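Chemist: Got a predicted model here, sequence first, then my questions.
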Number of protein chains: 2
Amino acid sequence: MAVESTKKESWVLTVMAQTPTNIAVIKYWGKRDESLILPINDSISVTLDPSHLCTTTTVAVSPSFTSDRMWLNGKEIPLSGGRYQNCLREIRSRASDVEDAEKGIKITKKDWEKLHLHIASYNNFPTAAGLASSAAGFACLVFSLAKLMNVKEDNGQLSAIARQGSGSACRSLYGGFVKWIMGKDDKGSDSIAVQLVDENHWDELVILIAVVSSRQKETSSTSGMRETVDTSPLIQHRAAEVVPKRILQMEEAIKNRDFPTFVQLTCSDSNQFHAVCLDTSPPIFYMNDTSHRIISCVEKWNRSEETPQVAYTFDAGPNAVLIARNRKTAALLLQRLLFHFPPQSDADLNSYVVGDKSILKDAGIQDIKDIEALPPPPEIKDIIPAQKFTGDVSYFICTKPGKGPILITDEDKALLNPETGLPK
Amino acid sequence: MAVESTKKESWVLTVMAQTPTNIAVIKYWGKRDESLILPINDSISVTLDPSHLCTTTTVAVSPSFTSDRMWLNGKEIPLSGGRYQNCLREIRSRASDVEDAEKGIKITKKDWEKLHLHIASYNNFPTAAGLASSAAGFACLVFSLAKLMNVKEDNGQLSAIARQGSGSACRSLYGGFVKWIMGKDDKGSDSIAVQLVDENHWDELVILIAVVSSRQKETSSTSGMRETVDTSPLIQHRAAEVVPKRILQMEEAIKNRDFPTFVQLTCSDSNQFHAVCLDTSPPIFYMNDTSHRIISCVEKWNRSEETPQVAYTFDAGPNAVLIARNRKTAALLLQRLLFHFPPQSDADLNSYVVGDKSILKDAGIQDIKDIEALPPPPEIKDIIPAQKFTGDVSYFICTKPGKGPILITDEDKALLNPETGLPK
């Protein structure tokens, strides 16, 4: 332990990790235990490529630290909340001996109870944009601390800890498609994430996210789902009767890369989640007119083709997550979206479509003028004049299914100074 | 019969009636028989004052008519549709002898099978505004024809005929609060409307309708409810488990003039109807951002008071129907609505608030400047700046619960020329 170290009080041990965000295709909405965060139904998500959407976290331990501290996107935030405390307690209780011969550091299992931690976390996407930043955040917190503390548990067991920070965080412990099993245990030991398939299984899929401008302040998902469970006469029927069937069908669809079934289930389940929000008293509206218009655009296109081209899903906010069957379809989708939702005239194309920008080339868009020149999609040819909603989408992110958490060994990227343990 | 009449071929016999529209507070959505229009659950509505919202219909019979013809708001429309044909057939089969000694007219029960009808109908409100014009229209068609043909059936039995024109039309056969009993008979004989209380029972209530501007083409309620029944996993649970309880509670609330319970049930049931629309595949959106904002405004106000002040309900469109507990509350509601949804600057106050305009005086509004001077409602004082949505409401209608169908004897008001039987 530090006390035994020859470099007493002077060392700082750090670990850095990167964790993806995820988007549910069968939704989690409603807890059966508020404090342990145990859900009322299973859910299934797709992990998003961390190159475009991820949290990076550096955790550090040092005998010189006098309290647990955390910085999010460079700003210190309190760790006093129950959710952080639950994760820290659970991780600490599983810590093992750690030895760094090179640095002359030896920490025993018991020392972890007294040592303080510094945590610095950074999202490579806007935290407030409603893109599940807390899922990636808590997954990364738990994953990086587990590595720092030499926790022997596998990612499934870690997922049960991340779950206590933010329910959907448990699904960010794996890449590809992931199922969060609701479990039966009152203590939540079996409420864990499992990987259904990895990110290479269905690597044709392309994901476009429309970040939708919103003037409303949204209900947090924590209080929203509590109100739904307390007041919606439909939520229990959804959880007990509808979701279990959809989970089985979705697992099959993913296994078989059955895109039409995947689309049908994904869209229906997103809509049913928003339906139970509306069935809440007072009602919760996460989608707005722009969200509705994106759905109409996709539904019209899907029905005009022999087989569905795109699935849509919306979380607790107006942003659309659109899953295209392949790159070609994604380019056609982007053309449609840019036609209906062109940027403001003073916008920069480079900041209007972010992530995998090569989609722009596939869609034949090289500058803003190419957007103005887009013809109306053939399926709306009867609707004259075609409707345009300039400025209603803030920007688009092009991404794809991605991998799970990874350790980052490049110390230059660390968010904490390896000497002081404070943010760089 | 005409053939026996001394004034052969020359007479025209007319009847004129006026029928109110109605708005459901426990919603009808979903049929178990498409052709007979039999619903999957009971519903309850409030009849609206016909002075502000009604259909007036003149029906005429003459041996000189060569076919059944109908004019709606001055324009001839085809009567070939199954719904019109069903109503005409059912009414004709119940016709009795009619004698007008003064005019020297005698029509026997059997004659009605061969005599042709002219029908002219007029709505005192915009047909396309989504204000249940078909309910008032079919109720008036059936009621006026029943009077013309000396049909002996009571309004309950007539309601089962009007139902076959438009489901909700059956509820327009009575004033006050009306229940449409779904019935059990496969032929629909027991799927009729009954009056719960007349319009004097709860005469404090004041109803404000916000006619909301919409750029979307809406799904017709006929195809919408068919798609919901075919695709929503929640609709059967709603119809079988949720609505029956709400019907009993609503009947009690109306009987006891229990406004808080009335508000809770009305708002919840409107929201659940829109929830099952959203749970439909593809999803149906009737409410838009303006509808959502009106709900938020009412919910915020209701929660800031000791007891709810206003109920809201939305049919298959974005218009809000707001039911205030009394005139004082209605004036306070109008202030709030005008604050958030002021008219365009060039608007005329006289056409921005229609119906019972005396509400404007109660609200202290005498011209457009008084709207600009309205302070933010106290319950939103923390939200700075308060949001205004100029032009998002087309106009407001102030009305109240009203009476059922009546005959109009003033021949000057008839829509058909008493000599020719053609529109005036």
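Modeler: Okay, I see it.
Chemist: mind listing the strands in the stretch 51-200 of chain A by residue range?
Modeler: A:54-62, A:69-72, A:75-77, A:98-100, A:105-107, A:116-123, A:177-180, A:193-197 (DSSP state E, counting those that start in this stretch).
Chemist: what sits against residue A:403?
Modeler: A:20, A:47, A:49, A:50, A:175, A:176, A:198, A:199 (CB atoms under 8 Å, 6 or more residues apart in numbering or on different chains). C-beta here means a position set from N, CA and C on the backbone, and glycine is covered the same way.
Chemist: Give me the phi and psi for it.
Modeler: Main-chain dihedrals, residue A:403, degrees, to the nearest 10: phi -90, psi 170.
Chemist: Pull up the gap between it and chain B, please.
Modeler: Distance, residue A:403 to chain B, by CB to the nearest CB, to the nearest Å: 32 Å.
Chemist: Just want the angle from the lengthiest helix in chain A to helix B:259-278.
Modeler: Ranked by residue count, the top helix of chain A under DSSP state H comes out as helix A:259-278. Put simply, helix A:259-278 runs at 170 degrees to helix B:259-278, going by axes from the mean of the first three to the mean of the last three CA atoms, to 10 degrees.
Chemist: average pLDDT across the very next helix or strand once past helix A:259-278?
Modeler: From helix A:259-278 onward toward the C-terminus, using DSSP states H and E, the following helix or strand is helix A:289-304. What helix A:289-304 shows for mean pLDDT is 96.
Chemist: Give me the neighbour count for the residue of the stretch 51-200 of chain A found nearest chain B.
Modeler: Nearest residue of the stretch 51-200 of chain A to chain B: residue A:130, at 16.8 Å (CB to the nearest CB). Residue A:130: 19 surrounding residues under other CB atoms under 10 Å in any protein chain shown.
Chemist: mind checking the backbone torsions on residue A:206?
Modeler: Note on residue A:206: its backbone torsions stand at phi -130, psi 140 [degrees, to the nearest 10].
Chemist: How about the secondary structure of the residue lying closest to it once chain neighbours are set aside?
Modeler: Of all residues not flanking residue A:206 in the chain, residue A:330 sits nearest, at 3.6 Å (CB to CB, 6 or more residues apart in numbering or on different chains). In three-state terms, and counting by DSSP: H, G, I helix; E, B strand; the rest coil, residue A:330 is helix.
Chemist: On the pLDDT front, check residue A:330 for me.
Modeler: 98.
Chemist: for residue A:127, same thing?
Modeler: Residue A:127 is given a pLDDT of 66.
Chemist: do the same with residue A:132
Modeler: With respect to pLDDT, residue A:132 scores 72.
Chemist: nearest spatial neighbour of it, skipping sequence neighbours?
Modeler: residue A:21 (4.6 Å).
Chemist: before we move on, back to that, quickly compare the strands of the stretch 51-200 of chain A and say which is most buried.
Modeler: strand A:54-62 (a mean of 27; mean count of other CB atoms under 10 Å in any protein chain shown).
Chemist: who does that strand touch, helix- and strand-wise?
Modeler: Applying 3 or more CB pairs under 8 Å, 6 or more residues apart in numbering or on different chains; DSSP states H and E, one finds that strand A:54-62 contacts strand A:13-20, strand A:116-123, helix A:133-148.
Chemist: Turn these into TSV, columns for distance to residue B:33.
Modeler: Formatted as TSV, the helices and strands packed on strand A:54-62 follow (distance: least, CB to CB, whole Å):
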stretch	distance to residue B:33
strand A:13-20	51
strand A:116-123	55
helix A:133-148	47
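Chemist: and among the ones you listed, the most buried is which?
Modeler: Using mean count of other CB under 10 Å, the stretch among these with the greatest mean number of neighbours is helix A:133-148 (a mean of 28).
Chemist: pull the CA atoms of it into PDB?
Modeler: Extracted in PDB, the C-alpha atoms of helix A:133-148 (Å, rounded to 0.1, in the frame of the first residue of the first chain):
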ATOM      1  CA  SER A 133     -24.300  10.700 -22.700                       C
ATOM      2  CA  SER A 134     -25.000   9.300 -19.300                       C
ATOM      3  CA  ALA A 135     -25.000   5.800 -20.700                       C
ATOM      4  CA  ALA A 136     -21.500   6.100 -22.100                       C
ATOM      5  CA  GLY A 137     -20.400   8.100 -19.100                       C
ATOM      6  CA  PHE A 138     -21.300   5.600 -16.400                       C
ATOM      7  CA  ALA A 139     -20.100   2.700 -18.500                       C
ATOM      8  CA  CYS A 140     -16.800   4.400 -18.900                       C
ATOM      9  CA  LEU A 141     -16.600   5.300 -15.200                       C
ATOM     10  CA  VAL A 142     -17.200   1.700 -14.100                       C
ATOM     11  CA  PHE A 143     -15.000   0.200 -16.800                       C
ATOM     12  CA  SER A 144     -12.000   2.400 -16.200                       C
ATOM     13  CA  LEU A 145     -12.300   2.100 -12.400                       C
ATOM     14  CA  ALA A 146     -12.500  -1.700 -12.700                       C
ATOM     15  CA  LYS A 147      -9.300  -1.700 -14.700                       C
ATOM     16  CA  LEU A 148      -7.500   0.700 -12.300                       C
END
